[in-house]
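In: let's see this in three dimensions:
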Amino acid sequence: MALSKLTYNSLNVTATASKGIGFDSDPDALQADYVGGSITFIKKLTASSSSTLSFVDGSASVVLDNTYKEYLFTLNNIHPSSDNDASFEFNVSIDSGSNYNVAKTTSVFHAYHNEADTATGLDYQASFDLAQGTGYQILGEGANLSADNDHGLCGYLRLFNPSSTTFVKHFIAETSSISGADYEINRSIAGYANTTSAVDAVQFRMSSNNVDAGDICLYGIN
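Out: Got it, this is the predicted structure:
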């Protein structure tokens, strides 16, 4: 029996997407379609000497329910009110924001590099992780947050399936910040809120003082 041979160069192995990526003219109504999915802008909170920035399901047009399986928070130039002082952190609630005290287990790594190119490092930060801790999880540590006018913290937090009543609630975060000694600090955080109750509120704050400026945007991802 003769064997048929295929010539590799004759094959089309290029992946095709069912949809292209498009953006609305309004940046606060971002709509990017890709392979049948979408990312949808929900809410933007802008800090102005704010003690907290809270996203509570059903409050002020916030959606944190089973509409989406993943929620994305973008952190844009979060600016502390004082230099090398308070940490930027977050917590979640299962009672519409009455309490932010859900037990969490997390891991935290950070890398750093200074402007003088004399110090670099990468290490696990055991002092910033939680082991069934109910306190706030640090996203940017106070000793590494500068209040210089041109400095701030940027990054994101991804929260997965918060409305599930079966599974714990995983999250992943990454931030970039500048210290008062002009170090670039990259911090990677991951963990889970150890609850099978629906998470219906997320709060961001500084561990002391206020969030002087910056904004946080919430998106839903299909």
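In: which residue is nearest the middle of the chain?
Out: Nearest residue to the geometric centre of the chain (C-alpha atoms, centre = their mean): Leu157, 1.1 Å.
In: from Ser82, how far out is it?
Out: According to C-beta to C-beta, to the nearest Å, Leu157 and Ser82 sit 23 Å apart. All C-beta spots, glycine's among them, are computed from the backbone N, C-alpha and C.
In: ok, Val108 next?
Out: Distance, Val108 to Ser82, by C-beta to C-beta: 23 Å.
In: can you show me the strands along this structure?
Out: Ranges of strands within the chain are 31-34, 37-50, 52-56, 70-80, 88-93, 104-114, 120-124, 131-133, 137-140, 153-160, 169-178, 183-193, 201-206, 211-221, based on DSSP state E.
In: Val63 is nearest to which of these?
Out: Of all the strands of the chain, strand 37-50 sits nearest to Val63, with 5.3 Å by C-beta to C-beta.
In: in its sheet, what does that closest one sit against?
Out: strand 31-34 (antiparallel), strand 211-221 (antiparallel) (DSSP bridges).
In: can you flag the weakest of the ones you listed by average pLDDT?
Out: Note on those: lowest mean pLDDT is at strand 31-34, with a mean of 44.
In: give me the pLDDT for Gly142.
Out: In the prediction, the pLDDT value recorded for Gly142 is 79.
In: is it true that it touches Ser207?
Out: Yes. In this structure, Gly142 is within contact of Ser207 by C-beta atoms under 8 Å, at 6.5 Å.
In: more neighbours: the two, which one.
Out: Comparing Gly142 with Ser207 by neighbour count (other C-beta atoms under 10 Å), the higher total belongs to Gly142, at 20 against 15.
In: and for the closest residue to the more buried one other than its chain neighbours, the neighbour number?
Out: Among residues not flanking Gly142 along the chain, Ser87 sits closest, at 4.2 Å (C-beta to C-beta, 6 or more residues apart in numbering). When neighbours are counted by other C-beta under 10 Å, Ser87 registers 20.
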